[in-house]
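Asks: Test case, fold it:
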Amino acid sequence: MKYKYCAVIEKNNAEGCYLVDFPDIDGCFTEGDTLDEAMEMAEDVLNLMLVDKEEEHEAIPPASLPEKIALKEGQFLAVINADTTAYREMNYGNVNETNYLNSIPGMSESLIRGKETPIEDCLSEDEVLW
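Replies: Residues are numbered from 1 along each chain as shown. Next up is the predicted model:
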């Protein structure tokens, strides 16, 4: 999916970096040493948060219109684009949850039969990371 969200950016003079916050998405913020780095980090964190929301089947909040976002002195807006399909392919390859689960011995059969088998029951002891 493709999205566009406004990011609020401000220079943190005390630390010499740029802070980025997405007011429409709770917990979506980042920073960069330069404005260019902050913009790159903003695109990355926005994609990451939206991919997570899609995978968890959470509602994607609507993007606010720029004129509806209140800015404090020293802040400015930037429109950041996100493409979660391209982000997944670039960062995870051609992987989706079903392909991953089907690659685990015993899990494919559980999915077909509709059984709720805990994933750790399908993995050997050395494969369980938690």
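Asks: residues touching Y3, list them.
Replies: Taking CB atoms under 8 Å, 6 or more residues apart in numbering, we find Y3 in contact with 46, 50, 60, 63, 81-84. C-beta: built from backbone N, CA, C; applies to glycine.
Asks: From those residues, list the buried ones, please.
Replies: 46, 50, 63, 82, 84 (16 or more other CB atoms under 10 Å).
Asks: end-to-end on stretch 54-68?
Replies: End-to-end distance of stretch 54-68 (CA to CA, to the nearest Å): 25 Å.
Asks: Which positions in the longest strand seen in the chain come out as buried?
Replies: The single longest strand within the chain, with elements called by DSSP state E, is strand 2-12. If you call a residue buried by 16+ other CB under 10 Å, then strand 2-12 has these buried ones: 3, 5-10.
Asks: can you list the residues you listed in CSV and add distance to D24?
Replies: Listed next are those as CSV, based on distance: CB to CB, whole Å:
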residue, distance to D24
Y3, 10
Y5, 6
C6, 7
A7, 10
V8, 10
I9, 15
E10, 17
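Asks: Closest one to I25 out of the residues you listed, please.
Replies: Checking these against I25 with CB to CB, the nearest one is Y5 at 6.9 Å.
Asks: how much space is there between the closest one and A14?
Replies: 27 Å (CB to CB, to the nearest Å).
Asks: what sits against F22?
Replies: Applying CB under 8 Å, 6+ apart, one finds that F22 lies in contact with 5-8, 28-29, 42, 45-46, 49, 80.
Asks: what do you get if the cut-off is 7 Å, keeping everything else the same?
Replies: Neighbour list for F22: 5, 7, 28-29, 46 [criterion: CB atoms under 7 Å, 6 or more residues apart in numbering].
Asks: Now the two most distant members of these.
Replies: Maximum pairwise distance in these, criterion CB to CB, is 12.1 Å, between Y5 and F29.
Asks: so which helix or strand takes in the residue nearest the centre of the chain?
Replies: Geometric centre of the chain, nearest residue: L48, 1.6 Å, by CA atoms, centre = their mean. Under the criterion of DSSP states H and E, L48 resides in helix 35-55.
Asks: Does anything pack onto whichever helix or strand comes after that helix? Which helices or strands?
Replies: Next helix or strand after helix 35-55 toward the C-terminus (DSSP H and E): strand 75-83. Applying 3 or more CB pairs under 7 Å, 6 or more residues apart in numbering; DSSP states H and E, one finds that strand 75-83 contacts strand 2-12, helix 35-55.
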